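1. could you look at this predicted model? Sequence included:
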Protein chains: 2
Amino acid sequence: MAKVEYPEEVLALVTQLKRLPGVGSRSAERIAIYLLQHKKATPLDLATALQSCDAKVSDCETCGFFTGASGCAVCDDRGRDVTTLCVVEQPTDVLPIERSGVFQGMYHCLGGRLSPLDNVRPEDLRIGGLVRRVRDAGVREIIIATASDVEGEATANYLVEILEPYECSVTRLAQGLPAGGGLEFADELTLTRAFEGRRSF
Amino acid sequence: MAKVEYPEEVLALVTQLKRLPGVGSRSAERIAIYLLQHKKATPLDLATALQSCDAKVSDCETCGFFTGASGCAVCDDRGRDVTTLCVVEQPTDVLPIERSGVFQGMYHCLGGRLSPLDNVRPEDLRIGGLVRRVRDAGVREIIIATASDVEGEATANYLVEILEPYECSVTRLAQGLPAGGGLEFADELTLTRAFEGRRSF
């Protein structure tokens, strides 16, 4: 008597699902069974969406944001302020800024942050392209919006150095207390930064 | 200035991922971005696995268990005891029983349970096929392994009635304390069933 298992096609699907972030063995099996059994499941639509993303979505050659068949939603928008450039680590950092509505300029996604430990060097990031944009595209202010941790800071400092020769101001996002956050939840470094960056009324 | 969003291909993928059980808006976005960005992501392999499942996996015509291109792992196994039939609600109930190793007979998956509230009637379940198997295939014992809740019990009682005319014993899985479970965790009904089903040493 052989061991009964799901058919190999189902096991292959479970293996693929298990590789997704936040999906463990049990969730993967549960999702696979849902896709096989549930009347409202649309496995072929999911397959098509995956293939369409793979075929049509790439990084914008200019800014590094995700670009589909219809072009880059940032670079192709003629209504934006081309003199201001916000430098972020990842294309996923663009949407939170957009949702806040505070920024109307262009973006530049580095594709990561400098990290000697993970072997990420300047030439692994989209830094050459940034320098070219600053040099050629009439940028007047560069806002560096890398993370406020050690590697994000190191990346920001490196960019300041690299951009020094060019005639544009380089700024960094303010650090301090998050909106709505009481002092009791702030860590020491955040408090230090909030004191250092204090402003007069 | 238009609202910046992900390309429509990415949004379509997020929509599809959000439909999976246990995947909310944020996980769907996270998974989509992983599939787009991560070096180890294999979106096309996932698409292929989905299509292969859709094309090749179906319910076994005899027992209702999942069957792939290579046939039914239960029905095609000549080493099993064909005189004993375990009736379960769902094909997913087969694997826990198989993993326990306690049962070597055949299975019959009903495809659900009787539920007047959800409008599931006997003709919606694989009951006709069960009767045919009992009549024609020399089954000597039928073990009913539907759930021990109200609908599972109702389904079991209905099956007992339907199977009455046939010369085979119909049994039901024992109810009582789960292995390793102390009395303090047992609910009243479980305790009642454990007392009712007590056995002498």
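-> Nice, I can see it. Numbering: from 1, shown residues only, chains lettered A, B, ... in the order given.

2. which other helices and strands does the helix or strand encompassing A:E161 contact?
-> Element membership of A:E161, judged by DSSP states H and E, is helix A:150-163. Where contact means 3 or more CB pairs under 8 Å, 6 or more residues apart in numbering or on different chains; DSSP states H and E, helix A:150-163 is packed against helix A:127-136, strand A:141-144, strand A:169-172. Quick note: C-beta positions are derived from backbone N, CA and C, even for glycine.

3. looking at chain A, which helix or strand is least sure?
-> helix A:188-196 (a mean of 84; mean pLDDT, DSSP states H and E).

4. one step back: which parts of the helix holding A:E161 are buried?
-> A:E151, A:G152, A:E153, A:T155, A:A156, A:Y158, A:L159, A:I162, A:L163 (16 or more other CB atoms under 10 Å in any protein chain shown).

5. possible to save those as CSV with distance to A:R99 and pLDDT?
-> Shown next, in CSV, are the buried residues of helix A:150-163 (distance: CB to CB, whole Å; pLDDT from 0 to 100):
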residue, distance to A:R99, pLDDT
A:E151, 25, 92
A:G152, 20, 92
A:E153, 24, 92
A:T155, 23, 95
A:A156, 23, 94
A:Y158, 28, 95
A:L159, 24, 95
A:I162, 29, 94
A:L163, 27, 93
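
6. picking up where we left off before, could you give the angle of the helix holding A:E161 to helix A:127-136?
-> Helix A:150-163 and helix A:127-136 meet at an angle of 40 degrees, taking axes from the mean of the first three to the mean of the last three CA atoms, to 10 degrees as the criterion.

7. tell me the most buried of the helices and strands packed on helix A:150-163?
-> When the helices and strands packed on helix A:150-163 are scored by mean count of other CB atoms under 10 Å in any protein chain shown, the highest mean neighbour count falls to strand A:141-144 (a mean of 20).

8. hmm, back to that, dump the helices and strands packed on helix A:150-163 to TSV, plus distance to B:D187 and mean pLDDT.
-> TSV is the format used below for the helices and strands packed on helix A:150-163 (distance: least, CB to CB, whole Å; pLDDT from 0 to 100):
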stretch	distance to B:D187	mean pLDDT
helix A:127-136	63	93
strand A:141-144	59	94
strand A:169-172	59	92
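
9. show me what contacts A:S52?
-> B:E9, B:A12, B:L13 (CB atoms under 8 Å, 6 or more residues apart in numbering or on different chains).

10. list the buried ones in the helix or strand hosting it?
-> Using DSSP H and E, A:S52 falls within helix A:43-56. Neighbour-count burial for helix A:43-56 flags A:P43, A:L46, A:A47, A:T48, A:A49, A:L50, A:Q51, A:S52, A:C53, A:D54 (criterion: 16+ other CB under 10 Å).

11. ok, now stretch A:73-86?
-> A:A73, A:V74, A:C75, A:R80, A:T84, A:L85, A:C86.

12. near chain B, which of the residues you listed show up?
-> When contact is defined as CB under 8 Å from any CB of the partner chain, the buried residues of stretch A:73-86 meet chain B at A:A73, A:V74, A:R80.

13. wouldn't the first one be in contact with B:V10 here?
-> This points to A:A73. No. Assessed by CB atoms under 8 Å, A:A73 is found out of contact with B:V10, at 10.6 Å.

14. about what we covered before: inside helices: which ones of the contacts of A:S52?
-> If you go by DSSP state H, the contacts of A:S52 have B:E9, B:A12, B:L13 in helices.

15. toward the C-terminus, what is the element adjacent to the longest strand along chain A?
-> Identified as the longest strand of chain A according to DSSP state E is strand A:81-88. Downstream of strand A:81-88, the first helix or strand assigned by DSSP H and E is helix A:94-100.

16. tell me which other helices or strands that following helix touches.
-> Packing contacts for helix A:94-100, counted by 3+ CB pairs under 8 Å, 6+ apart, involve strand A:81-88, strand A:105-109.

17. any chance of those strands in a markdown table with distance to B:R135 and mean pLDDT as columns?
-> Formatted as a markdown table, the helices and strands packed on helix A:94-100 follow (distance: least, CB to CB, whole Å; pLDDT from 0 to 100):
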| stretch | distance to B:R135 | mean pLDDT |
| --- | --- | --- |
| strand A:81-88 | 70 | 94 |
| strand A:105-109 | 68 | 95 |
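
18. excluding its backbone neighbours, what's nearest A:G24?
-> Leaving out its chain neighbours, the residue that sits closest to A:G24 by CB to CB, 6 or more residues apart in numbering or on different chains is A:K18, at 7.1 Å.

19. please report phi then psi for the one you found.
-> phi -60, psi -20 (degrees, to the nearest 10).

20. now do the one 10 residues further on
-> The main-chain torsion angles of A:A28 are listed as degrees, to the nearest 10 and equal phi -60, psi -40.

21. verify the stated contact: it with A:A12.
-> No. In terms of CB under 8 Å, A:A28 does not count as a neighbour of A:A12; the distance is 11.3 Å.

22. hang on, the earlier thing: what element comes up after the helix holding A:S52 heading to the C-terminus?
-> Helix A:43-56 is succeeded, C-terminally, by strand A:58-59 (DSSP H and E).

23. and that next one, which strands flank it?
-> Sheet pairing for strand A:58-59, assigned by DSSP bridges, gives strand A:66-67 (antiparallel).

24. what's the local residue count around A:Q16?
-> A:Q16 has 20 neighbours, counted by other CB atoms under 10 Å in any protein chain shown.

25. do you know the pLDDT at it?
-> Looking at A:Q16, its pLDDT is 96.

26. for the spatially closest residue to A:D54 that is not a sequence neighbour, list the residues it contacts.
-> Excluding its sequence neighbours, the residue lying closest to A:D54 (CB to CB, 6+ apart) is B:P43, at 5.1 Å. B:P43 sits next to A:L50, A:Q51, A:C53, A:D54, B:L35, B:L36 when contact means CB under 8 Å, 6+ apart.
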